[in-house]
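K.L.:
What shape does this take:
(one chain, ligands or ions: 2)
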Amino acid sequence: MENWTEIDRRVRLWIEEAGKAIRRSFKHSLSIQTKSNPNDLVTNIDKETERFFISNVRQTFPGHLILGEEGQGDHLSSLNGIVWIIDPIDGTMNFVHQQRHFAISIGVYEDGVGRLGYVYDVTHDELYCAERGKGAYMNGVQLPKLSSVPIEKALIAVNATWLVKNAYFDERKLVELATKVRGVRSYGSAALEMAYVASGRLDSYLTMRLSPWDFAAGKILIEEVGGVVSNLSGEPLDMLNRNSVFASSPGLHETILHHFLLEK
Ligand code: 2AM
Ligand code: CA
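P.N.:
Ligands and ions are numbered 1, 2, ... in the order given. All right, here's what the predicted structure looks like:
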């Protein structure tokens, strides 16, 4: 039997410590490298933070497995057992250029089911967390269940660059949607944008291609308050591979999916 209370206690301590180290790093210059393309960045702080979490998890919970963005975790072909899905800094470009709008994202899954989710907005010291079946919280205050929002009053976030660039997505759908909603935002950190959906700061978030560490924690947060997370075709997310992501409050998810995303 896993002691989820103990796992939760440890993660919070580690997130607090990692957050402090990241804030201290603002005073020093970064070592920045590119990954898949010139806009896909990684810094020494992403790598150090991932190493910090991985060594703590391995030491404290030796039977657990780890999937991490910077590749220092395990190479997994299934989600059997307890799997930590870690993005040490989600929104690295924001971290580098703005020192804000980035987050530590950690999801703890058991046999593919999300049990604990954490998104920590390091600059604003805001911790969004959820435990399956026990609700979601922001800095200790319980987040209310999401209710249905009419599309005319919806504030949504999209990763516009990706939607427009993708050959398989008709950007006219995005134009139609943007015309219909109250407003469109783009913050550049998927984990944070999903935490915003969970807390009602946004009503929906749409993007073309994310990896499991970008959405693992956010999915748990959103589902815990009654929101819906799927790909842009309305199908469940594959937790081991890249997916498009459409996260939304209930009701609005159905409206946007059927009126704007699926072929009519
Ligand atoms: P990252 O900062 O951890 O890379 C940017 O809109 C969002 O998409 C961020 O959450 C970013 O996560 C994520 N993302 C995933 N893959 C990416 C890629 N190849 N290039 C840029 N952003 C990516
Ligand atoms: Ca990420």
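
K.L.:
Quick check: buried residues in stretch 137-149?
P.N.:
By neighbour count on 16 or more other C-beta atoms under 10 Å, the buried set for stretch 137-149 is 137-138, 143, 146, 149. C-beta: built from backbone N, CA, C; applies to glycine.

K.L.:
so residue 77 touches residue 241, yeah?
P.N.:
No: under the criterion of C-beta atoms under 8 Å, residue 77 makes no contact with residue 241, lying 11.0 Å away.

K.L.:
Mind checking if stretch 79-96 is in reach of ligand 2?
P.N.:
Yes: residues of stretch 79-96 contacting ligand 2 under C-beta under 5 Å from the ion: 87, 90.

K.L.:
so where do the strands sit in the stretch 1-150 of the chain?
P.N.:
32-34, 41-43, 65-68, 82-90, 103-110, 113-121, 126-131, 135-138, 141-142 (DSSP state E, counting those that start in this stretch).

K.L.:
The fifth one - contacts with which helices or strands?
P.N.:
Where contact means 3 or more C-beta pairs under 8 Å, 6 or more residues apart in numbering; DSSP states H and E, strand 103-110 is packed against helix 4-25, strand 82-90, strand 113-121, helix 190-199, helix 212-224.

K.L.:
do that again at 10 Å, thanks
P.N.:
helix 4-25, helix 44-60, strand 65-68, strand 82-90, strand 113-121, strand 126-131, helix 190-199, helix 212-224 (3 or more C-beta pairs under 10 Å, 6 or more residues apart in numbering; DSSP states H and E).

K.L.:
Alongside ligand 2, which residues does the stretch 101-250 of the chain contribute?
P.N.:
Going by C-beta under 5 Å from the ion, the residues of the stretch 101-250 of the chain near ligand 2 are residue 214.

K.L.:
let's see it at 6 Å
P.N.:
With C-beta under 6 Å from the ion as the criterion, the stretch 101-250 of the chain comes near ligand 2 at residues 213-214.

K.L.:
Show me the shaky parts of the stretch 101-250 of the chain.
P.N.:
162-168 (pLDDT under 70).

K.L.:
Nice, that's everything, thank you.
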